[in-house]
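*Asks:* coordinates for the following, if possible.
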Amino acid sequence: MRIIIFSWEYPPRIVGRLAYYVSELATKLANSGLKMHVVTYHDSLIGDFEEASGVKVHRVTNPVKTHINLLTWTITLNQEIERITANIYYRENGQIDLIDVHEWQFIPAAVTIKRAFEIPFIYSIESIEDHRSGGANNPMNIAIKSIEQLGVLEADIIIVKSEWMKNEVKTIYGVSTGKIKVANLEERNGLKAILDVYRSLKGEGTQK
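*Replies:* Numbers count the residues shown, from 1 in each chain. Model prediction:
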């Protein structure tokens, strides 16, 4: 299988624990025989790199340098995520099985790629805006929640790390429980659970 992971943070750019989690996930998946690409952001370390594990990391920067808030940064960065992902798709002769999007920031790019190339995508949720903002309901929070809503609607499968988060996503976003899978790399048999989710989607995209 050929997998592309989207993550807005990845070593050496570390904002929180997500960077370490995605790095460990990509490495373990590569060691399991999957062909792994990670598309991520860095403000200066730009280009294609191959790690010792075989994970191919593609780092992009934002072509727009001045922003009024996180949303303008995110939306303008997504065009670069789409461009790099399209390049990977063509270099791999269309043989990309799925995209795994970690957190909301690159959901717009994942939806575009899904619709353009018919590649299924997974939305891996670390947290949701209602929790991060304490239920705040200002325009910024509403906009971020709308992107999360787009993700849960468009994703073929949603991965969460606990039954509690599964219930939260179901309640807040009205998602059927059958679409949400609990799989946490840090738990016993976590890698197997993630691989099982991946393999359940293999073949759903257009095969070239």
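*Asks:* how many neighbouring residues does the residue nearest to residue 34 when sequence neighbours are not counted have?
*Replies:* Using CB to CB, 6 or more residues apart in numbering and skipping residues adjacent in sequence, the residue nearest residue 34 is residue 1, 5.0 Å away. The C-beta positions use only the backbone N, C-alpha and C, and glycine is treated the same way. Residues near residue 1, counting by other CB atoms under 10 Å, number 17.
*Asks:* not counting sequence-adjacent ones, nearest residue to residue 127?
*Replies:* residue 103 (7.5 Å).
*Asks:* so who does that neighbour touch?
*Replies:* Applying CB atoms under 8 Å, 6 or more residues apart in numbering, we find residue 103 in contact with 7, 8, 18, 124, 125, 126, 127.
*Asks:* residue 140: how many residues sit nearby?
*Replies:* 14.
*Asks:* also residue 31?
*Replies:* 13.
*Asks:* now it. Its backbone dihedrals?
*Replies:* phi -70, psi -20 (degrees, to the nearest 10).
*Asks:* where in the protein is pLDDT low?
*Replies:* 203-208 (pLDDT under 70).
*Asks:* inside strands: which ones of the contacts of residue 103?
*Replies:* The strands, defined by DSSP state E, take in 7, 124 from the contacts of residue 103.
*Asks:* ok, of the contacts of residue 103, which one's closest to residue 27?
*Replies:* Nearest to residue 27 among the contacts of residue 103: residue 7, at 13.2 Å, using CB to CB.
*Asks:* spit out the contact partners of the closest one.
*Replies:* By CB under 8 Å, 6+ apart, the neighbours of residue 7 are 18, 19, 22, 38, 39, 40, 102, 103, 106.
*Asks:* next structured bit after the longest helix anywhere in the chain?
*Replies:* Counting residues, the longest helix in the chain under DSSP state H turns out to be helix 70-91. Where DSSP states H and E defines the elements, the next helix or strand beyond helix 70-91 is strand 98-102.
*Asks:* how far is that following strand from where the chain is centred?
*Replies:* 4 Å (CA atoms, centre = their mean, to the nearest Å).
*Asks:* contacts for it, please.
*Replies:* Taking CB under 8 Å, 6+ apart as the rule, strand 98-102 contacts 1, 3-8, 18, 21-22, 85, 107, 110, 113-114, 119-124, 126, 151, 155-156, 159, 198, 201-202, 204-205.
*Asks:* switch the cut-off to 6 Å
*Replies:* Strand 98-102 is contacted by residues 4-7, 22, 110, 119-124, 201 when judged by CB atoms under 6 Å, 6 or more residues apart in numbering.
*Asks:* centroid-nearest residue for this protein?
*Replies:* residue 101 (1.1 Å; CA atoms, centre = their mean).
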